[in-house]
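1. show me the folded form of this:
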Amino acid sequence: MTTTFWIAAVALTGLALAFVIFPLVFRQPERRAEDDRRQQNLMAYRGRMAELDAEHQAGVIDDDNYRQLRDELAGSLLDEVDTDGASATATAPDRRRASARVVVLASVLLIPLAAVFLYQQWGSLDDVEQWLASQDIADGSDQDRAREMALLADKLRERLVESPDNPQGWAMLGRTYMSLERHGDAAWAFEQLAQASDVTEEQAAAWGLSAQAAFYQSRGQMTEAVTRAIDKARSLDADEVNALGLLGIDAFESENFELAISYWERITEVAPNHPQLPSIRQGIAAASERLGREVPRSDSTPEVSDRGVTVRVTLDPAFEDEVADDTTLFIFARNPDGQGAPLAIVRLTASQLPVELRLDDSRAMSPNAQISDANEVIVTARLSRSGSAEPQSGDWQGSTEEAVSVTGDDDSPVDLTIDKRLR
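-> Numbers count the residues shown, from 1 in each chain. Modelled structure (predicted):
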């Protein structure tokens, strides 16, 4: 990718050298003509003086005429050449050529070295490579783009580890990891961004992004990594919007609707132009409805969607004696292709089985990914012995065999049985 760049750099450096070297090596035509004229005048002067000497010695002219003619000849050439200047004129070209050679040699050595040094200090080769790579990625298929993005991310990561003082690079790496759904790596990259930045607001935002990525990694569970990043963000900026959003989701999931509303309303106050403001207001409306309140409507307040999936989850009797009552139960819906974060998720315990519930936008992990935006979903229920949302060997799980339609009708629950043990 950088071959073209270096070819252009060498060409421009050569052009810069040409502007310096050409006038030194190739003298200007006017100066060359002037030197030739002076040499010719000097030769004519010497030839005429030789003729006068010969005529004087032969007695053709007497002493008085000889002196007069010699003085006139010398006077006519005085402005052009004198006897001392003749020596200087003879040696000046040699001195100029020697000086030119010194300057040319110094230019050939110093200009390229200075160009490389200054570009290393102020240049943006990494940005050039990243831009070129992004153009290549944009031209490929989805699979090719994902593969190229992964390679680009790994390459960028290596460079950033070697030269970590690059906030723009860490931000790009974090966004790339999020696009690849490598949420754990994204959380780490955003943490490095926070450490590389020297602006408090940017550090807080980076920690908020790290918390969000860790939240996705845990499938909506408020793990130690998530709470640590949230605490870091709010210690720098109590109103960091990503942290407030996650706290609101956690409060809603815990059915602390008052607290959820307070967090989300704070976002609307401190970030009135937030791109996800409609979804945040929708969450506020959903929490208010859970509290039995009449939600004031306005043009900027979207209706809470009733689209979702109602499920009834049971445990296969063969596993009833194996599962402890305090085993964590996750019930979640995601796109049929399995890509992206869950569109809705609920965390319960095995003691609550069998359970019937509604997976709708109130169960969303993020305003960016909601079940109401999907036509069909796969619903999965998992009993996690470790309490982690990541599937592990020994967990119990069940999923709908086919995709379930997302509708506004919650009268007919979908039956889902936890009937297998993960190996």
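
2. how about low-confidence regions in the protein?
-> Applying pLDDT under 70 to the chain flags residues 1-6, 8-9, 16-39, 41-42, 45, 73-112, 114-145, 294-305, 366-368, 410-411.

3. ranges for the strands of it?
-> 309-315, 328-334, 344-349, 355-359, 376-384, 396-399, 404-405, 414-418, 420-421 (DSSP state E).

4. distance to residue 53 and mean neighbour count added to those, as a markdown table?
-> Placement of C-beta: from N, CA and C, glycine included. Formatted as a markdown table, the entries for these read as follows, by distance: least, C-beta to C-beta, whole Å; neighbours: other C-beta atoms under 10 Å:
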| stretch | distance to residue 53 | mean neighbour count |
| --- | --- | --- |
| strand 309-315 | 123 | 20 |
| strand 328-334 | 113 | 23 |
| strand 344-349 | 117 | 20 |
| strand 355-359 | 121 | 18 |
| strand 376-384 | 117 | 21 |
| strand 396-399 | 121 | 18 |
| strand 404-405 | 123 | 16 |
| strand 414-418 | 127 | 18 |
| strand 420-421 | 125 | 14 |
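
5. nearest to residue 62 among those strands would be which one?
-> Of all those, the one in closest proximity to residue 62, counting by C-beta to C-beta, is strand 328-334 (124.4 Å).

6. with just CA atoms, put that closest one into CSV.
-> The C-alpha atoms that make up strand 328-334 are tabulated as CSV, following Å, rounded to 0.1, in the frame of the first residue of the first chain:
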residue,chain,number,x,y,z
THR,A,328,-28.1,-17.8,36.7
LEU,A,329,-30.6,-17.9,33.9
PHE,A,330,-30.2,-15.8,30.7
ILE,A,331,-33.0,-15.5,28.2
PHE,A,332,-32.2,-13.5,25.0
ALA,A,333,-33.2,-12.9,21.4
ARG,A,334,-30.9,-12.2,18.6
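
7. does residue 344 touch residue 358 like I think?
-> No. With contacts counted by C-beta atoms under 8 Å, residue 344 stays clear of residue 358, the gap being 9.0 Å.

8. between those two, what contacts are shared?
-> When contacts are counted by C-beta atoms under 8 Å, 6 or more residues apart in numbering, residue 344 and residue 358 have 308, 309 as shared neighbours.

9. returning to what we had before: closest to residue 185 out of the strands of the chain?
-> strand 328-334 (20.2 Å).

10. quick one: end-to-end distance for stretch 390-399.
-> Using C-alpha to C-alpha, to the nearest Å, the span of stretch 390-399 from its first residue to its last is 15 Å.

11. quick revisit: closest to residue 168 out of the strands of the chain?
-> Closest of these to residue 168 is strand 328-334, at 32.4 Å (criterion: C-beta to C-beta).

12. neighbouring strands - and their directions - for that closest one?
-> Sheet partners assigned to strand 328-334 using DSSP bridges are listed as strand 344-349 (antiparallel), strand 376-384 (antiparallel).

13. contact partners for residue 244?
-> When the contact criterion is C-beta under 8 Å, 6+ apart, the partners of residue 244 are 263, 264, 266, 267.

14. please repeat the previous calculation with a cut-off of 10 Å.
-> Contact criterion C-beta atoms under 10 Å, 6 or more residues apart in numbering gives 208, 230, 233-234, 237-238, 262-267, 270-271, 280 as the residues in contact with residue 244.

15. what's the answer for residue 177, then?
-> In this structure, residue 177 makes contact with 149-150, 153, 157, 183-190, 213, judged by C-beta under 10 Å, 6+ apart.

16. quick check on residue 219: phi, psi?
-> The main-chain torsion angles of residue 219 are listed as degrees, to the nearest 10 and equal phi 60, psi 40.

17. name the nearest residue to it, sequence neighbours excluded.
-> Excluding the flanking residues, the one nearest residue 219 by C-beta to C-beta, 6 or more residues apart in numbering is residue 389, at 3.1 Å.

18. so what's the backbone phi/psi at the one you found?
-> According to degrees, to the nearest 10, residue 389 has phi -70, psi -20.

19. could you report the neighbour count for it?
-> Residue 389: 21 surrounding residues under other C-beta atoms under 10 Å.

20. cool, and residue 245?
-> Using other C-beta under 10 Å, the number of residues around residue 245 comes to 26.

21. quick check, it in contact with residue 270.
-> No. Contact criterion C-beta atoms under 10 Å: residue 245 and residue 270 do not qualify, at 11.7 Å.

22. ok, back up a step: which one of the contacts of residue 244 is nearest to residue 10?
-> Proximity of those to residue 10 (C-beta to C-beta) peaks at residue 208, which lies at 44.5 Å.

23. test my guess that the closest one contacts residue 237.
-> Yes. If you go by C-beta under 10 Å, residue 208 and residue 237 touch, sitting 8.3 Å apart.

24. neighbour count winner among these two?
-> residue 208 (26 against 19).

25. which ones are touching that one?
-> Contact partners of residue 208, counting by C-beta under 10 Å, 6+ apart, are 190, 194, 229-230, 232-234, 236-237, 240-246.

26. just the ones of these in helices?
-> With DSSP state H as the criterion, helices contain 190, 194, 229-230, 232-234, 236, 241-246 from among the contacts of residue 208.

27. and those as a markdown table, adding distance to residue 48?
-> Listed next are the ones in helices among the contacts of residue 208 as a markdown table, based on distance: C-beta to C-beta, whole Å:
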| residue | distance to residue 48 |
| --- | --- |
| 190 | 91 |
| 194 | 90 |
| 229 | 98 |
| 230 | 102 |
| 232 | 96 |
| 233 | 96 |
| 234 | 100 |
| 236 | 93 |
| 241 | 97 |
| 242 | 97 |
| 243 | 100 |
| 244 | 102 |
| 245 | 101 |
| 246 | 103 |
